[in-house]
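K.L.:
Structure, please.
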Amino acid sequence: MTQRLAVWCGALALVAGAPAAAHWIKPEQIVRGLGSDAHLREAAGVVRVRQEPKLPRLLLIEVNRTRWETVAAADRTRVAEEWWATWRHNVPSGVVAVLDAVTQRSLVNYDAQGRAQLAADAPVSTPAGPR
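P.N.:
Next comes the predicted model:
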């Protein structure tokens, strides 16, 4: 299986695992499904998935940035949009944040329609030391 298919299959595994008649998936099921998906961990570098306790409509997906960036940009965009569509369909006014697990910097920006734009792959700056 190509890396592209592995990422795509991993994103869809959550939806495919739900009962065929289900039109709504509980937020906890989405979090658990994405967080435990071995394909996503391997192919896209997903490290942690959680719902923000203070803002329950926010889904946080933390990824290993190095692994995430080995996936083709078109595939990262597609899987990010699938995450947004699934969350938004099941959580009113749902918001998704894809973050670097180490720096907590956003790796994906979404517009109001859920179209994803990858954040620039600029290196993370470090504070300057004493001179």
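
K.L.:
got the contact list for the spatially closest residue to residue 35 that is not a sequence neighbour?
P.N.:
Spatial nearest neighbour of residue 35, excluding adjacent residues (CB to CB, 6 or more residues apart in numbering): residue 49 at 3.8 Å. Quick note: C-beta positions are derived from backbone N, CA and C, even for glycine. Residues near residue 49 by CB atoms under 8 Å, 6 or more residues apart in numbering: 31, 34-35, 59-62.

K.L.:
got TSV for those, with distance to residue 24, pLDDT and secondary structure too?
P.N.:
Shown next, in TSV, are those (distance: CB to CB, whole Å; pLDDT from 0 to 100; DSSP: H, G, I helix; E, B strand; the rest coil):
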residue	distance to residue 24	pLDDT	secondary structure
31	15	96	helix
34	16	94	helix
35	19	93	helix
59	15	98	strand
60	21	98	strand
61	20	98	strand
62	25	98	strand
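
K.L.:
Kindly confirm my reading that residue 56 is in a helix.
P.N.:
No: Residue 56 sits outside any helix when classified using DSSP: H, G, I helix; E, B strand; the rest coil, being coil.

K.L.:
Tell me the confidence at it?
P.N.:
For residue 56, the model assigns a pLDDT of 96.
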